[in-house]
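*Asks:* Just need the structure, nothing else, for what follows:
(6 chains)
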There are 4 protein chains.
Amino acid sequence: MTDENSHRPAGRPRDPRIEAAAFAAVRELLATEGYAAVTMTAVADRAGTTKAALYRRWPSLPHLVHEAAFPDELALDFHLGATLHEDLAQMVRGTRDALSTPIAAAALGGLLPEFTRHPEIHAAVLERFAGVFTVLDERLQQAAAAGQVRSDARAQDLLRLVIGAVLVELLLGPAADGPDVPDGADEDWADRLAATLERGIRT
Amino acid sequence: MTDENSHRPAGRPRDPRIEAAAFAAVRELLATEGYAAVTMTAVADRAGTTKAALYRRWPSLPHLVHEAAFPDELALDFHLGATLHEDLAQMVRGTRDALSTPIAAAALGGLLPEFTRHPEIHAAVLERFAGVFTVLDERLQQAAAAGQVRSDARAQDLLRLVIGAVLVELLLGPAADGPDVPDGADEDWADRLAATLERGIRT
Amino acid sequence: MTDENSHRPAGRPRDPRIEAAAFAAVRELLATEGYAAVTMTAVADRAGTTKAALYRRWPSLPHLVHEAAFPDELALDFHLGATLHEDLAQMVRGTRDALSTPIAAAALGGLLPEFTRHPEIHAAVLERFAGVFTVLDERLQQAAAAGQVRSDARAQDLLRLVIGAVLVELLLGPAADGPDVPDGADEDWADRLAATLERGIRT
Amino acid sequence: MTDENSHRPAGRPRDPRIEAAAFAAVRELLATEGYAAVTMTAVADRAGTTKAALYRRWPSLPHLVHEAAFPDELALDFHLGATLHEDLAQMVRGTRDALSTPIAAAALGGLLPEFTRHPEIHAAVLERFAGVFTVLDERLQQAAAAGQVRSDARAQDLLRLVIGAVLVELLLGPAADGPDVPDGADEDWADRLAATLERGIRT
DNA sequence: CACTAATCGAGACGGTACGTCGCGTCTTGTG
DNA sequence: CACAAGACGCGACGTACCGTCTCGATTAGTG
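*Replies:* Below is the predicted model:
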């Protein structure tokens, strides 16, 4: 009668507050204690629930951490149309900002070794950049059509260079212990990087 | 009489075979089972020794893994003097080869998140690239003197771009589970990357 | 509605087979290998469970050994009413038999030194003799009323003499390694001891 | 040349101060920290020497503890000849005093479980009472000759009763945690025990 | 209104690794 | 020889987390 096609399953419905509480708990632990302190027991305690309720929702700890730390797609608020340099710099700064929050940085570091065991998470993390890739790809084609960039410039390569540069600053940078934006990844750095990349691909 | 600051320490000397056996055990485990299987217990068992003997030598598992996976400096066999493009491509390929052996790749994934807790390891890993940095720095100064590259081109930035690009291929690349060089990091990729970088810094 | 102070505790109930298996493992180890072989690890292995399950039930090894070796009160099947000598001899033989089984003897040797650290075990072991003390106390009062024993004869003193005598035979006796009743603690010994004690307290 | 018949062994002679320092260290540890704290490492450290030097002198820790805690025979300063009751009371008090020093009590508790593994120590501990046994035996024979005690009174039985009574007070007594003489083993207790025993054996 | 079914909390379960400690032995260089 | 120093293999310690399980008690929809 009432269902469209997803007739609600029988039994007691899940308490929606548990999802929110779990995410909040994971983020607090990531930000204040680091990835090592994010255990199922700790999350359950801090969220005021139990491990069983968490395992009902996420198949393993990395899945939970991933959803908690990267809740939605990397939605960069692009205002394209300015110079190519500025568009690239926007992308660099957006990627940097998305990955260098204490929560994201801590989660990323902890999730890296789990990629081997959980390819879905690996894929899901990459998926965050799909939107950015699309935007970048279109921008490059437009610029290529305008004769601004070389026809062999690939969004894939460029995006990976940006992500790699941010990762290096994050994981290898001299101030990787700092809370937010690492010292090395300031506005000057973003500008230098964008300039280098722009020169690297322009005609 | 005897050399006083190189006098061997008192007591029974450490059995040098244990170091070697531990390194071998770590490398085997990394290559065949992945970082998650590299535990102190597993290493001690496979090396035919005990946890206590390992803790006597390394304060923690990451220290041991680091020494086992990156035993000595990244000694790139540079044959400089050719074109700047070729020199950069050499650096890209060398970095890729050094980091994408199964052992190094597996170790990197596990080691990166530990950098927060163990700054010494962080510093030690970076130290591997010190030689490369020096070579690259000199090459850039020479090229700048010859008017080939912009005066604001920095070896630091360039090297980080290369390392970042390799890391992304390794850790985030779609074929990161493969054995040796990831699919995406082939010779074409190295050439494209070197070309982009060269254009990015040249006058 | 339901009985409120006997409501079973929340959570998964403990597996009762683990208690039984642990007791059996302790007894086997005590009987075949001695107290030194009774370790948490060995008990867990032999009982087919884990150390954590044991620590959930008993705070320390001595607690577990105590419960395994002295499961219930020393229920001597007294048939009083015969001569005082015979009643004392019964008590001597009962105490001897209870303490000189291979399991009890092995446990006692290991448990005694722990009394300092674990007063609860100390008290619990003494509690085993509470029933004997009560019976003996009543018998002495009855005998005192009949003018058979001195009015200052104390069950406490007498019982301790008996326990002490048995302990000495067990722990210091020349055949303490034997399986069951030590050589020195035979029927003659019990009779001599009972006779000496009876003369010691009678009017 | 110089030897009589016990030619001194070749090589560097043992440092006699180590024995004394080791004994002192064991006694301090027994008195202040308990048997559990008496480890070879702790003794060596406190004695200013090394484990190897200790193992050269004693085959195992219990041997060392035994020699340190019970250095010489239980030499009771008997002044016999008074009444039999007083002589027995002397024996009771002497045994009590010898076993209830903090050092002896702690050592005895710790050594008991080792008797199984080290029968020599077991025998050696018993040997401490040999002198007392001899004295007691002669005294009983003399008393028997004077018609004071029953001819079937045995020094062996009597001594064991005394030792047992002291052990029970020590190990099972309600104040076994106290430092010196347990509360229950006061002069009244000794007198009561001696009186009971005397009545038990006299004609 | 019973019935069914999935949730909730609580916490025990087997398994595995942790990092430490003590044992008794050994291997050095120095008296 | 003894000595100090300290590494060695062995094995136990007590704790922690994993992911699973088994309870009784809720909390909905369904017959």
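*Asks:* Let me know the average pLDDT across the lengthiest helix in chain A.
*Replies:* In chain A, with assignment by DSSP state H, the single longest helix is helix A:16-33. The average pLDDT within helix A:16-33 is 96.
*Asks:* any residue of that helix up close to chain B?
*Replies:* No - Helix A:16-33 lies out of reach of chain B by C-beta under 8 Å from any C-beta of the partner chain, never closer than 11.3 Å. For glycine as for every other residue, the C-beta is placed from the backbone atoms N, C-alpha and C.
*Asks:* which residues touch residue A:191?
*Replies:* residue A:89 (C-beta atoms under 8 Å, 6 or more residues apart in numbering or on different chains).
*Asks:* chain center to the host helix or strand of it, what's the gap?
*Replies:* Secondary structure from DSSP states H and E places residue A:191 in helix A:187-201. Centroid separation for helix A:187-201 versus its chain: 21 Å, with C-alpha atoms, centre = their mean, to the nearest Å.
*Asks:* before we move on, what about stretch A:36-54?
*Replies:* Centre-to-centre, stretch A:36-54 and its host chain are 23 Å apart (C-alpha atoms, centre = their mean).
*Asks:* Is any residue of it near chain C?
*Replies:* No - shown here: stretch A:36-54 not in contact with chain C (C-beta under 8 Å from any C-beta), separated by at least 9.9 Å.
*Asks:* Tell me if I'm right that residue A:27 and residue A:65 touch.
*Replies:* No - with contacts defined as C-beta atoms under 8 Å, residue A:27 does not count as touching residue A:65, sitting 9.6 Å away.
*Asks:* higher neighbour count, these two?
*Replies:* The neighbour count for residue A:27 versus residue A:65, taken as other C-beta atoms under 10 Å in any protein chain shown, is higher for residue A:65 (27 against 21).
*Asks:* what's the helix or strand for that one?
*Replies:* helix A:61-69.
*Asks:* quick one: that helix to helix A:16-33, angle?
*Replies:* Calculated by axes from the mean of the first three to the mean of the last three C-alpha atoms, to 10 degrees, helix A:61-69 forms an angle of 90 degrees with helix A:16-33.
*Asks:* By proximity to chain C, which residue of chain A wins?
*Replies:* residue A:50 (9.9 Å; C-beta to the nearest C-beta).
*Asks:* which non-adjacent residue is nearest that residue?
*Replies:* Leaving aside its chain neighbours, residue A:50 sits nearest to residue A:44 (5.2 Å; criterion: C-beta to C-beta, 6 or more residues apart in numbering or on different chains).
*Asks:* Could you tell me how many residues sit around that neighbour?
*Replies:* 20.
*Asks:* Let me see the contact set for it.
*Replies:* Here residue A:44 is in contact with A:22, A:50-51, A:53-54 (criterion: C-beta under 8 Å, 6+ apart).
*Asks:* Please name the residues that touch the closest residue to residue A:38 other than its chain neighbours.
*Replies:* Nearest non-adjacent residue to residue A:38, counting by C-beta to C-beta, 6+ apart: residue A:29, 4.7 Å away. Contact analysis of residue A:29 by C-beta under 8 Å, 6+ apart lists A:37-38, A:42-43, A:46.
*Asks:* wait, does the worst-scoring helix or strand of chain A on mean pLDDT make contact with DNA strand F?
*Replies:* Within chain A, no helix or strand scores below helix A:119-127, which has a mean of 88 by mean pLDDT, DSSP states H and E. No - figure legend: helix A:119-127 not in contact with DNA strand F (C-beta under 7 Å from any atom of the strand); closest approach 11.8 Å.
*Asks:* now that helix, how far from the centre of its chain.
*Replies:* Distance, centroid of helix A:119-127 to centroid of chain: 10 Å (C-alpha atoms, centre = their mean).
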